[in-house]
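Enquirer: dropping a prediction and its sequence here:
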Amino acid sequence: MKIPAIAWIIIGLFISIVSGLIELKLFIWAGLVFIIIGIGKLIKEFALKEEKENKETKTQQKEYYCPRCKAKINPQSYYCQMCGQRLR
Ligand SMILES: [Zn+2]
């Protein structure tokens, strides 16, 4: 079961506030642990998302097309494999 990061923070806040009201100090700490886990998960999700976006831009940059026949070409190759157009 996957719990979203924001749910951890909400649960943590809820536990902290409720235990604060009824003066259960141990549960305030338990709530704080939940909040910390939630924040940690948020950071992790953010980092993963950014990494994924970076990968996507890299793959986009790697795509080259022949100026003559518009075929997809290898950026390392000197000539187009489809029509023989010189690329560099
Ligand atoms: Zn070509």
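Expert: It's in. Numbers count the residues shown, from 1 in each chain.
Enquirer: for the rest of this, base every contact and every neighbour count on C-alpha atoms.
Expert: Will do.
Enquirer: isn't residue 34 right next to residue 6, touching?
Expert: No - between residue 34 and residue 6 there is no contact under C-alpha atoms under 8 Å: 10.3 Å.
Enquirer: which residue of these two possesses the greater neighbour count?
Expert: Neighbour totals were compared for residue 34 and residue 6, and residue 34 leads with 23 against 15 (other C-alpha atoms under 10 Å).
Enquirer: so what's that one closest to, chain neighbours aside?
Expert: Residue nearest to residue 34 in three dimensions, not counting chain neighbours: residue 12, with 4.5 Å by C-alpha to C-alpha, 6 or more residues apart in numbering.
Enquirer: just the element for that neighbour, please.
Expert: Assigned by DSSP states H and E, residue 12 belongs to helix 5-21.
Enquirer: for the residue nearest to residue 34, give me its contacts.
Expert: Contact analysis of residue 12 by C-alpha atoms under 8 Å, 6 or more residues apart in numbering lists 30-35.
Enquirer: what helices and strands are in contact with the helix or strand bottoming out on mean pLDDT in the chain?
Expert: In the chain, no helix or strand scores lower on mean pLDDT, DSSP states H and E than helix 25-62, which sits at a mean of 84. If contacts are counted by 3 or more C-alpha pairs under 8 Å, 6 or more residues apart in numbering; DSSP states H and E, helix 25-62 sits against helix 5-21.
Enquirer: picking up where we left off before, pull the distance from the least confident helix or strand of the chain to the chain's centre.
Expert: 8 Å (C-alpha atoms, centre = their mean, to the nearest Å).
Enquirer: next to the ion, which bits of this protein? Give me the list.
Expert: 66, 69, 80, 82-83 (C-alpha under 5 Å from the ion).
Enquirer: pull out the buried residues from the residues you listed.
Expert: 66, 80 (16 or more other C-alpha atoms under 10 Å).
Enquirer: can I get the residues of the chain next to the ion in TSV including pLDDT, secondary structure and distance to residue 47?
Expert: Below are the residues of the chain next to the ion laid out as TSV (pLDDT from 0 to 100; DSSP: H, G, I helix; E, B strand; the rest coil; distance: C-alpha to C-alpha, whole Å):
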residue	pLDDT	secondary structure	distance to residue 47
66	93	coil	35
69	96	coil	39
80	93	coil	38
82	92	coil	40
83	96	coil	42
